[in-house]
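Colleague: what would the 3D arrangement of this be:
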Amino acid sequence: MSDGVEETKTIPEWAWLEGHISVAAAIQGGKRQVETVYIQPGKWQRDLWQLRAAAEAADIPVEPATAELLAAHATGQSHGGVLARVGPRRFTPLADLLALEVNPALVMLDGIEDPFNFGQAVRSLYAAGVTGLVVRERNWFSAAGIVTRASAGAAELIPTAVAATPAEAAQAAWSQGLRVACATRESSVSIYEADLSGPLFVLIGGEKRGVTRSFAAEADLRLRIPYQRAFGRSLGAAAAAAIIAFEMLRQRGQETPRRRGQDGPG
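Modeller: Model prediction:
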């Protein structure tokens, strides 16, 4: 283990975040350098004062967001007068992610072809309390602005590791005593009948490629989301991630996960 030290992989370029939710999450998460926060003059909302205070507490410069700066780096008009220039996303080593909790629940998102859908999936995973996220080396964190906004900041908060392939992530999970599951309709069991309460790694594939047959054949659990109607199409990855993650939460008793080395409530 590397004492939780995060390492940078694959995303060398600087990026821009917009909107106070995204920028506040980047400051709170501490998973990338926030070089400068820009706030449009004349904005006096309480959340912007809180954002300014958080930036100053973290020794991040706060400068005026000029009309020219907003025009150059913001998309649309929903930025609320807030921008931040940020550095590369730092990722948690996979071994450390596996060791974060006594009863870990990890989800790998693989093959999602749209950054907005990826962000929506991350939003649900974070809200449902999964231990962490696993992604490939080439991933949508390069589209920082879209992903952070679509996830309502969750992409900057959720612990995230990188694996070269789903098979590599699965091998690491098995080595730490986790069962490995995947979302597929072939030879599968309903998520409402499967035991999702123990240490678990779940692979959710994108709409086009899904999960490979070789991975599904090796998995301990093959999961499906049952439908009420006859419908021959799979759900989108963001919807599937939400449903599976909240069923995991339900089965785990909706308790706050215990960190290793920490006692729970008496």
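
Colleague: and what about residue 119, helix, strand or coil?
Modeller: With DSSP: H, G, I helix; E, B strand; the rest coil as the basis, residue 119 sits in helix.

Colleague: pretty sure it contacts residue 146?
Modeller: Yes - between residue 119 and residue 146 a contact is recorded at 6.4 Å, counting by CB atoms under 8 Å. From N, CA and C alone the C-beta is placed, and that goes for glycine too.

Colleague: so these two - more neighbours on which side?
Modeller: For residue 119 and residue 146, the more surrounded residue by other CB atoms under 10 Å is residue 119, and the numbers stand at 25 against 18.

Colleague: could you find the closest non-adjacent residue to that one?
Modeller: Sequence neighbours aside, residue 150 is the residue nearest to residue 119 in space, at 2.7 Å (criterion: CB to CB, 6 or more residues apart in numbering).

Colleague: check residue 74 too.
Modeller: residue 18 (4.9 Å).

Colleague: residue 98 too?
Modeller: Excluding the flanking residues, the one nearest residue 98 by CB to CB, 6+ apart is residue 176, at 4.6 Å.

Colleague: give me the pLDDT for that neighbour.
Modeller: Reported pLDDT at residue 176 in the predicted model: 96.

Colleague: can you count the residues close to it?
Modeller: 15.

Colleague: show me what whatever helix or strand residue 54 lives in is packed up against.
Modeller: Assigned by DSSP states H and E, residue 54 falls within helix 46-57. Helices and strands touching helix 46-57, by 3 or more CB pairs under 8 Å, 6 or more residues apart in numbering; DSSP states H and E, are helix 20-29, strand 34-39, strand 62-64.

Colleague: mind running it again at 10 Å?
Modeller: Applying 3 or more CB pairs under 10 Å, 6 or more residues apart in numbering; DSSP states H and E, one finds that helix 46-57 makes contact with helix 20-29, strand 34-39, strand 62-64, strand 82-86.
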